[in-house]
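Trainee: sequence? don't have it. structure:
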């Protein structure tokens, strides 16, 4: 709760609160903690009370777009990994945001919920379908989230060569889906997939909750005792850095289902891996955490970068909108109108940059007789 | 069509206001003689196959006038001709320019450069010449901006004599900064306004809240830091 006190204290200094985009990010993060499962201590009423308090803070943030980006990314994780404590609480937060900022702000967030609900139906009817009943390989179950591009955060596409069974499964699902919704384009987001594997260790059967990448690596050990880093890389086509992280999580983390030879924290080119015969664990179902530390830093920077990129488009759009109605406007008046219209913190130099870029792209021109005046070029 | 207009131009240049018929016909003869001389001068420098005076021809021309081909007065001559493509003069451009400076021989052309320089430096012409100089350096299709190094040379060439201290500092700034790799027309014209409107070196009437291009805001900030 230390953090909470801190924000309440700085609240009185509105300027300070808006100095950086950090407060917007922190508030989104705080909400993620509250809305995520595992937060069992709080009752529903307490949670509602907390959401109300957060909203008071939220009103003071100028960088609402930064908030939205982080909130959306966390919400995506909660929804896709089934980590949400309560869908009711989620929806009540969204409706608060909607009242506060209008439906434009929450459209995409609401779209994400719709995708999840629709996906449930699709999975049901897939199970009933003739394709599923006749063609599916046995011993595997699959559920698919079908996400609408644009509603969700963007995820970089990542290559992976799937085991044959999974490929067959994907193809059959795709065939089914496209027979229902023709003309759509499906793209598998490999980095978001996760699986539960049944593993038979000499000292007991286990269920492993792992990512798709971890799965692909582990399944190689069905047919091999020992594999080198290069072997695994060739067999899976997982990108180098991602593969190193994946192997680290399987052989160097808390749950070591593989052994790395020689031992050590980092995965080197010459390393080999063997199935860990001696593996024991008190629980039957085990989650093998992915290594996330570094990723999160990268993720954060790219989220902020995307927000900044988006702001530039918004500034451009606002300038063009204003100039389109006014046709001719002085620099000072244009800047004043922009400050009124744009809802995030901006410096006048940012605006100048965008104006100059629009002059360069011939949306505007500087008046030939008065350099303080811009003309709109239709 | 063009020929007709240039004839008329030649006439009004060489004839005083006397309306006498005889005189007019005589002068028209004179002006057609002049036109012939201008044309034949053109062909003595033009490339036989392209029908243009090309960079090589311009170098010969400069050598004949005993002027360096990077001399600002050559740029002024190009301005007078309204030459469109850097390093080339077409026949039309050549006629337009030479008639305007009333030269039909090399020695007259050389002499005319002195007056031309004075003409360009008149405030009403300087702005036009200054913006022409930028456009003249856009050699590629769809090119809109010019790299910093060339900009510095061009600035020194066209404005160095009028605003030596501003140009000197701005060139120094452009060479030390890292934000801009190129300069566009808007920024180029902005500097010209800057030289004409802003008191230097006090900069007291410079207000970054006005519509100055950002590169000038940064330049002024840099100058002020330097002054302290």
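Mentor: Done, it's in. These numbers come from a predicted model, not from an experiment.
Trainee: Please work out the residue of chain A nearest to chain B and name it.
Mentor: Nearest residue of chain A to chain B (CB to the nearest CB) works out as residue A:331 at 3.5 Å. Placement of C-beta: from N, CA and C, glycine included.
Trainee: Quick one: classify the residue nearest to that residue when sequence neighbours are not counted as helix, strand or coil.
Mentor: What sits nearest to residue A:331 in space, not counting adjacent residues and going by CB to CB, 6 or more residues apart in numbering or on different chains, is residue B:211, at 3.5 Å. For residue B:211, the assignment made with DSSP: H, G, I helix; E, B strand; the rest coil gives coil.
Trainee: so who does residue B:211 touch?
Mentor: By CB atoms under 8 Å, 6 or more residues apart in numbering or on different chains, residue B:211 lies in contact with A:330, A:331, A:366, A:371, A:372, A:373, A:374.
Trainee: same deal with residue A:238?
Mentor: A:158, A:159, A:160, A:213, A:216, A:217, A:246.
Trainee: and residue B:63, what helix or strand is that in?
Mentor: Per DSSP states H and E, residue B:63 falls inside helix B:55-65.
Trainee: returning to what we had before: out of the contacts of residue B:211, which are buried?
Mentor: When burial is judged by neighbour count using 16 or more other CB atoms under 10 Å in any protein chain shown, the buried members of those are A:330, A:331, A:366, A:371, A:373, A:374.
Trainee: Just the ones of those in strands?
Mentor: The members of these that map onto strands under DSSP state E are A:330, A:366, A:373, A:374.
Trainee: what's around the closest residue to the last one other than its chain neighbours, how many residues?
Mentor: Pointing back at residue A:374 there. The spatially closest residue to residue A:374, leaving aside those adjacent along the chain, is residue A:364, at 4.9 Å (CB to CB, 6+ apart). Burial of residue A:364, expressed as a neighbour count using other CB atoms under 10 Å in any protein chain shown, amounts to 22.
Trainee: sorry, back to before: and the residue nearest to residue A:331, how far from residue B:146?
Mentor: If you measure residue B:211 against residue B:146 using CB to CB, to the nearest Å, the figure is 22 Å.
Trainee: Kindly report the same for residue A:150.
Mentor: As for residue A:150, its distance to residue B:146 is 40 Å (criterion: CB to CB).
Trainee: who has more neighbours, the two?
Mentor: Legend: neighbour count by other CB under 10 Å for residue A:150 and residue B:146, higher for residue B:146 (21 against 9).
Trainee: Secondary structure element holding the more buried one?
Mentor: Taking DSSP H and E as the criterion, the element that holds residue B:146 is strand B:145-147.
Trainee: tell me which strands and helices that strand is in contact with?
Mentor: For strand B:145-147, the packing partners by 3 or more CB pairs under 8 Å, 6 or more residues apart in numbering or on different chains; DSSP states H and E come out as strand B:182-184.
Trainee: which residues does the residue nearest to residue A:374 contact?
Mentor: Shown here is residue A:364, whose contacts under the criterion CB under 8 Å, 6+ apart are A:319, A:323, A:355, A:358, A:374, A:375, A:376, A:377.
Trainee: The first one contacts residue A:357, doesn't it?
Mentor: Spelled out, it's residue A:319. No: checked against CB atoms under 8 Å, the pair residue A:319 and residue A:357 is beyond contact range at 9.5 Å.
Trainee: if we can go back for a sec, now the ones in strands among the buried ones among the contacts of residue B:211 as CSV including pLDDT and distance to residue A:111?
Mentor: Supplementary listing: these in CSV, determined by pLDDT from 0 to 100; distance: CB to CB, whole Å:
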residue, pLDDT, distance to residue A:111
A:330, 95, 41
A:366, 93, 41
A:373, 94, 42
A:374, 96, 37
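Trainee: Select, from these, the two members most distant in space.
Mentor: Largest separation among these by CB to CB: A:330 and A:366, giving 11.2 Å.
Trainee: shared neighbours of those two, which are they?
Mentor: By CB under 8 Å, 6+ apart, residue A:330 and residue A:366 have these common neighbours: A:373, A:374, B:211.
Trainee: which of those residues lies closest to residue A:196?
Mentor: The shortest gap between residue A:196 and any of these belongs to residue A:374, at 60.4 Å (CB to CB).
Trainee: Please identify which of residue A:319 and residue A:357 sits among more neighbours.
Mentor: Neighbours of residue A:319 and residue A:357, each counted by other CB under 10 Å, are more numerous for residue A:319; the result is 26 against 16.
Trainee: which residues does the more buried one contact?
Mentor: Contact partners of residue A:319, counting by CB under 8 Å, 6+ apart, are A:334, A:338, A:351, A:354, A:355, A:358, A:363, A:364.
Trainee: host element of the fourth one?
Mentor: So that's residue A:354. Residue A:354 is part of helix A:348-360, with elements assigned from DSSP H and E.
Trainee: For residue A:344, give me phi and psi.
Mentor: Torsion angles at residue A:344 (phi, psi; degrees, to the nearest 10) stand at phi -130, psi 160.
Trainee: That one reaches residue A:310, doesn't it?
Mentor: No: assessed by CB under 8 Å, residue A:344 is found out of contact with residue A:310, at 9.6 Å.
Trainee: Tell me which of these two has more neighbours.
Mentor: For residue A:344 and residue A:310, the more surrounded residue by other CB under 10 Å is residue A:344, and the numbers stand at 20 against 15.
Trainee: any idea how far that one lies from residue B:49?
Mentor: Residue A:344 sits 61 Å away from residue B:49 when distances are taken as CB to CB.
Trainee: how far out from the middle of the chain is the biggest helix by length in chain A?
Mentor: Ranked by number of residues, the top helix in chain A under DSSP state H is helix A:293-326. A distance of 17 Å separates the centroid of the chain from that of helix A:293-326, by CA atoms, centre = their mean, to the nearest Å.
Trainee: got a list of what the residue of chain A closest to chain B touches?
Mentor: Going by CB under 8 Å, 6+ apart, residue A:331 touches A:355, A:372, A:373, A:374, B:210, B:211.
Trainee: Could you check the pLDDT of it?
Mentor: For residue A:331, the pLDDT comes out at 95.
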